[in-house]
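Q: I need the structure of the sequence given here:
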Amino acid sequence: MSDEAQAGTEGTEAVEPDNSTVEDWFGQNVARDEEVADEAMAEAGGDPAEAERIFDQRAEGEETYDAGHPRPDDD
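A: Numbers count the residues shown, from 1 in each chain. From the prediction side, this is the model:
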């Protein structure tokens with residue numbers, strides 16, 4: 001970006017447009033599922049099998065990613 005283009009934007013907060021796809025970013029889905037995994041492990045009292053069951057019920061990252069990134073053979 002040129003100096004002229006930046007001159008009027010310094011000190012302003014970036015605001016995403018209403019049609020932004022930021023929520024579709026893979027890394028954000030991973031971060032949310034990571035939080036779900038941590039909560040599931042705490043709720044399960046450290047039991048990995050129970051934590052996995054809880055995680056599978058609550059995690060949405062894989063479904064969110066798949067919905068936004070259909071494979072060519074998914075007609």
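Q: alpha carbons only for contacts and neighbour counts from here, please
A: OK.
Q: so who does Ala40 touch?
A: Taking C-alpha atoms under 8 Å, 6 or more residues apart in numbering, we find Ala40 in contact with Ala51, Glu52, Ile54, Phe55.
Q: scratch that, Met41
A: Contacts of Met41 by C-alpha under 8 Å, 6+ apart are Asp47, Pro48, Glu50, Ala51, Glu52.
Q: ok, now with 10 Å
A: Glu35, Asp47, Pro48, Ala49, Glu50, Ala51, Glu52, Ile54, Phe55 (C-alpha atoms under 10 Å, 6 or more residues apart in numbering).
Q: and the residues you listed, which are buried?
A: Ala51, Ile54, Phe55 (16 or more other C-alpha atoms under 10 Å).
Q: same for the helix or strand hosting the first one, what does it pack against?
A: Pointing back at Ala51 there. Using DSSP states H and E, Ala51 maps to helix 48-58. Helices and strands touching helix 48-58, by 3 or more C-alpha pairs under 10 Å, 6 or more residues apart in numbering; DSSP states H and E, are helix 26-43.
Q: What residues of the helix it packs on count as buried?
A: Buried-residue list, helix 26-43, by 16+ other C-alpha under 10 Å: Asn29, Val30, Asp33, Val36, Ala37, Ala40, Met41.
Q: Pick out whichever of those residues sits closest to Gly61.
A: For Gly61, the nearest member of the buried residues of helix 26-43 is Asn29. The distance, counting by C-alpha to C-alpha, is 4.7 Å.
Q: Could you find the closest non-adjacent residue to that closest one?
A: In this structure, Asn29 finds its nearest non-sequential neighbour in Gly61, 4.7 Å apart by C-alpha to C-alpha, 6 or more residues apart in numbering.
Q: Now do the phi/psi pair for the one you found.
A: phi -60, psi -50 (degrees, to the nearest 10).
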